[in-house]
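One predicted model, sequence on top.
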Amino acid sequence: MADAVNGVVAVAVETPQHTGLGAPLDYSADALPPGTLVRVPLGRRDVPGIVWDRPAEAEAPPELRPVREVLAAMPPLGASWRQLVAFAAAYYQRGLGELALAVLPPELRKLDDVQLARRVARLRKPAVPARAARRAGLAAATAAAEAADAQHGVQPAADTPEAAPAFPPAEAGPPAAAEAPPLNDEQQAAVDAIGAAAGTYLLHGVTGSGKTEVYLHAAEAALAAGRQVLVMVPEINLTPQLEARLAQRFAGRRLVALHSALTPAQRLKHWLLAHLGEADLVLGTRLAVFASLPRLGLIVADEEHDPSFKQQEGARYSARDLAVYRGHLEGVPVVLGSATPSLETWQRVQEGRYTRLALSQRIGGGVLPRVRLFDMNTLPRQRGSAAPALAPALVDAVAERIERGEQSLLFLNRRGYAPVLHCTACGWKSGCPHCSAWRVFHKGDRSLRCHHCGFSERVPRACPDCGNLDIAPLGRGTERLEEQIAQLLPGARVARIDADTTRLKGSLEAQLGAVHAGDVDVLVGTQMIAKGHDFRRITLVAAVNPDSALFASDFRAPERLFALLMQAAGRAGRDAQQAARSEMWVQSWHPQHALYAALRKHDYEAFAASQLEERQSAGLPPFSSLALLRAEAREASIAQGFLRAASELAQAMADEAGVTLYPPVPPPVARVADVDRLQMLVESPSRVALQRLLAAWLPQLHALRSVHKGVLRWAVDVDPLAI
DNA sequence: AGCACGCCGACT
DNA sequence: GTCGGCGTGCTC
């Protein structure tokens, strides 16, 4: 361990990469173990920092300022945590200290040592009597004594096992609270494989095939071996039901949640419980991948294909990819669960780098719903009028369900009443004055709302350009679909769930509760309802208008659509006796498309194979690595000039390294809130070559801003989701 | 990123 | 005469 030498410590502080201050800074202090939280002077400010590993050979500048405060009440952050953070900072091209401090609970940086000691002491009082014996030695220590100990850099070794040994095989007799249903052979084989060796596992099974039960058993084994378990889900929405299930199964264990909807105080408490080794299970969203877990024994990433695992601002990390790295680093198994794995994951399975564990059957003998592709071209069209939103045959099928007391789910990935209003006389459309996008008509509050910048106005009575009173909605959103289905099926109880109806805290739960209670016949919603929720009485799911993704410029659009439709199909017929007559309807103008053919057969593998072939011939991920350099300015030409200059700086390097620089292009929505955006694609068949180029190139870009004035922001996105 | 210092316009 | 505009520059 490279401890402090000659009274010098390196401290990671919140300094952005582009200032040339991305690396830790040197301060004078008595020996402090790496990972210790400190406060240090920086310029005229006092900032929080983390003592970092300092290379022994590094020279100290002559005059160093002293560390101002040592927060010794908490054990230092472990070596593997620091390595994870250092890797993420380097890979996603951010300052080390910037990332390290950004992934700590915000509340932590506000505390001084005394306040921290008080909280730590409180949390170390065991919540469950059974834990008292094991923790007795630690709990006995007073906060003051702990603080005094830690002042000398002494920490109970048990709290910071830096190098975790290999995951031991599953043992019998963990203190499970609720009895588990018996596993089928495939589930048992999966649990055995995960328990046998560290590595990355793809748990591949359709909705209802019992993936969660495998997670629970694998977790049980890890807990029995005295380890902590990290479970990640893509969205906060999905935490409550999994939390309930984990809490029920592991009643004697301490379970904490980590996500951005917690209050600052809760987030700090949960994070500390994990860091102190008090929490046995951590359930969270992508930010939980950075939780400090001194006894980590298993990582689960459920719905690993979900785009929400990629952070979309600041350090744009992929929590799924970091989970895999972390598992490798700490020698613990990583389980990636999905019915429709990301093509990156699937390719790694093909290459033998990940192990596929297949769950091929639905639990309880349920079958997947029959997929019915409805060809919208067959609908008779009255002259001059648009095609109806819903095929009459689909409306009949919904009506049948209502008669039988069953529920239907209509899925339309577009909220609002209509995506755009237009004037039938002069052709005016409801564009946003600040963005290159249409403003969406929301009938509920009679507003025209831009979904990009939030600009909202009361919908005009007449055309703002020509005064014509006949302004009409174009296209359909969930509000309009809800209205139409209510008209087509009088007496049906119709509900709608989307971002607009769930704005208030607790309203999603309330609405889902109504569906479960049987108070709803037809549920209309966006992709929010396609994910995770376990509806028992739904026997019909319909994708009302999914075609747009087929021809999107985004190369991942088909992959996303397939996953979404498979997931939506999974909502139907989870109850075995209903499964036989469950149906998934897809209304399409292109029913012959290969994606739908694969969907009809629930054939992920065929779909993945054809997509991978396309990706390979196009030189796209997972057969190449990408990064996007983005720039924003009031005028596109300024952003353009900056990116061109950046490109020139890199050209020689790129040619040599086998990296391709593409010309700057506007993203799909080029102007948002009066700011023009441009982006430049950087591509290489070699991840390493791309990484090397970025590391050499990006530090030079800060200086460009003084030449290209007017660039408001620039940023790099490594492994971008969309290009 | 903050937060300084630093040199030019409209106000008590 | 100052209050304050945000342009450059530094932080171990």
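Happy to help now that I have it.

only C-alpha atoms for contact and neighbour calcs from this point on.
Fine.

For the stretch 551-700 of chain A, give me the ranges with low pLDDT.
For the stretch 551-700 of chain A, the stretches with pLDDT under 70 are A:576.

show me where it has helices.
A:557-569, A:576-579, A:594-600, A:604-618, A:636-657, A:687-707 (DSSP state H, counting those that start in this stretch).

of these, which approaches A:Asn468 most closely?
Taking CA to CA, helix A:636-657 is the member of the helices of the stretch 551-700 of chain A nearest to A:Asn468, at 34.3 Å.

buried set for the closest one?
Neighbour-count burial for helix A:636-657 flags A:636, A:638-647, A:649-651, A:654, A:657 (criterion: 16 or more other CA atoms under 10 Å).

the inter-axis angle of that helix versus helix A:687-707?
In terms of direction (axes from the mean of the first three to the mean of the last three CA atoms, to 10 degrees), helix A:636-657 departs from helix A:687-707 by 140 degrees.

hmm, who's touching helix A:636-657?
Identification of contacts with helix A:636-657 by CA atoms under 8 Å, 6 or more residues apart in numbering yields A:629-633, A:660-661, A:663-664, A:676-680, A:689-690, A:693, A:697, A:701, A:704-705, A:708-711.

Recalculate using a threshold of 7 Å.
Helix A:636-657 has contacts (CA atoms under 7 Å, 6 or more residues apart in numbering) with A:631-633, A:660-661, A:664, A:676-678, A:689, A:693, A:697, A:701, A:708, A:710-711.

What residue in chain A comes nearest to DNA strand B?
Closest residue of chain A to DNA strand B, CA to the nearest atom of the strand: A:Thr19 (5.0 Å).

now the helices: where do they sit in the stretch 301-450 of chain A?
Counting by DSSP H, counting those that start in this stretch, the helices of the stretch 301-450 of chain A are A:319-330, A:343-350, A:392-403.

Just name the most buried of the ones you listed.
Among the helices of the stretch 301-450 of chain A, helix A:319-330 has the highest mean neighbour count (mean count of other CA atoms under 10 Å), at a mean of 21.

so how far is it from its chain's centroid?
Helix A:319-330 sits 14 Å away from the centroid of its parent chain (CA atoms, centre = their mean, to the nearest Å).

mean confidence score for that helix?
What helix A:319-330 shows for mean pLDDT is 98.

packing partners for that helix?
With contacts taken as 3 or more CA pairs under 7 Å, 6 or more residues apart in numbering; DSSP states H and E, helix A:319-330 sits against strand A:296-302.

From A:Ala703, how far out is A:Arg713?
Going from A:Arg713 to A:Ala703 by CA to CA, to the nearest Å gives 13 Å.

Now the residue of chain A closest to DNA strand B: closest residue in space, sequence neighbours ignored.
Ranked by CA to CA, 6 or more residues apart in numbering and with sequence neighbours excluded, the top spatial neighbour of A:Thr19 is A:His702, at 7.1 Å.

so what's the one you found scoring on pLDDT?
The model reports A:His702 with a pLDDT of 85.

Same question for A:Asn237.
Note for A:Asn237: predicted pLDDT of 87.

Same question for A:Ala164.
For A:Ala164, pLDDT reads 34.

and what of A:Glu57?
A:Glu57 is assigned a predicted lDDT (pLDDT) of 75.

since we're on it, how many residues are nearby?
A:Glu57: 8 surrounding residues under other CA atoms under 10 Å.

Give me the phi and psi for it.
Dihedral pair for A:Glu57: phi -80, psi -10, per degrees, to the nearest 10.

What of A:Val103?
The phi/psi pair for A:Val103 (degrees, to the nearest 10) is phi -100, psi 0.

For it, which non-adjacent residue is spatially closest?
A:Val103 sits nearest to A:Phe290 (CA to CA, 6+ apart), 6.4 Å away.

Pretty sure the one you found sits against A:Leu104.
No - contact criterion CA atoms under 7 Å: A:Phe290 and A:Leu104 do not qualify, at 8.1 Å.

In the sheet, which residues pair with A:Trp714? Tell me.
Judged by DSSP bridges, the bridge partners of A:Trp714 are A:Ala631.

What distance do you get for it to A:Val659?
Separation of A:Trp714 from A:Val659 (CA to CA): 20 Å.

neighbour-wise, which of the two wins?
More crowded of A:Trp714 and A:Val659, by other CA under 10 Å: A:Val659, with 23 against 19.

Pull the contacting residues for A:Gly20.
If you count contacts by CA under 7 Å, 6+ apart, A:Gly20 has them with A:Pro699.

Give me the local confidence score for it.
75.

Likewise for A:Ala145?
For A:Ala145, pLDDT reads 38.

for A:Glu179, same thing?
pLDDT recorded at A:Glu179 is 69.

Quick check: which of the helices of the stretch 551-700 of chain A is buried the most?
Comparing the helices of the stretch 551-700 of chain A by mean neighbour count (mean count of other CA under 10 Å), helix A:557-569 comes out on top with a mean of 22.

Let me see the ranges of the strands in the stretch 351-500 of chain A.
In the stretch 351-500 of chain A, the strands defined using DSSP state E, counting those that start in this stretch lie at A:355-359, A:370-375, A:407-411, A:420-423, A:440-442, A:447-449, A:456-458, A:471-474, A:494-497.

Which of those sits closest to A:Ala247?
With CA to CA as the measure, strand A:355-359 is the member of the strands of the stretch 351-500 of chain A nearest A:Ala247 (24.3 Å).

roughly how far out does that closest one sit from the chain middle?
Distance, stretch centre to chain centre, for strand A:355-359: 22 Å (CA atoms, centre = their mean).

CA-only coordinates of that strand in PDB, if you can.
Only the C-alpha atoms of strand A:355-359 are listed here, as PDB (Å, rounded to 0.1, in the frame of the first residue of the first chain):
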ATOM      1  CA  THR A 355     -21.800 -17.700 -19.200                       C
ATOM      2  CA  ARG A 356     -25.400 -18.000 -20.400                       C
ATOM      3  CA  LEU A 357     -27.800 -19.500 -17.900                       C
ATOM      4  CA  ALA A 358     -31.100 -20.200 -19.700                       C
ATOM      5  CA  LEU A 359     -34.600 -20.200 -18.100                       C
END
